[in-house]
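Enquirer: fold the following and give me the result.
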Amino acid sequence: SRLRTSFPAAALRPLQASAAITPAPRPQPTSQPTAVYALLLANIGLFLFDHALPCRVGDISRCYLYHSSWRWWQLISACFCHASREHLSSNVFLLLLFGRSVEDELGWAGLLISYAFCGIAANAVSLALLP
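Expert: Numbers count the residues shown, from 1 in each chain. Model (predicted):
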């Protein structure tokens, strides 16, 4: 007499890929990442306006977030202020690195909302935790 196995026939068929384990194809960007470049221009432009111009036009220092006497609009304006070239270059590098991916996924409006939300949240935490 032969031994019979209790395996169903479906268990002996080769495994097939299913949608549950196969990653979805990544969408291809449909347009150039324009919001990233607009944010880069705003950051670099304000830095040059604040640090490189020989004469001071206007009072840019009101855009910086001073903990002792801050105003509500400085929570967003401080996102564009940089203390040094190193600070600016590291932020520009990270904006290029991550901003393009965020804009590909969420679009230009999603990137701008994300930038504003993260900047406001970071500045609010700074106000709450630092003297």
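Enquirer: where along the protein do the helices fall?
Expert: 9-12, 34-51, 74-77, 85-129 (DSSP state H).
Enquirer: which of the ones you listed is buried the deepest?
Expert: Ranked by mean neighbour count, these are led by helix 74-77 with a mean of 18 (mean count of other Cβ atoms under 10 Å). The C-beta positions use only the backbone N, C-alpha and C, and glycine is treated the same way.
Enquirer: residue contacts, the nearest residue to residue 63 once chain neighbours are set aside?
Expert: The shortest distance from residue 63 to any non-neighbouring residue, by Cβ to Cβ, 6 or more residues apart in numbering, is to residue 77 (4.1 Å). Residue 77 is in contact with 62, 63, 64, 65, counting by Cβ atoms under 8 Å, 6 or more residues apart in numbering.
Enquirer: which residue sits closest to the residue most central in space within the chain, ignoring its sequence neighbours?
Expert: The C-alpha lying nearest the average C-alpha coordinate of the chain belongs to residue 99 (Cα atoms, centre = their mean; 4.7 Å). Once flanking residues are discounted, residue 99 sits nearest to residue 36: 4.2 Å by Cβ to Cβ, 6+ apart.
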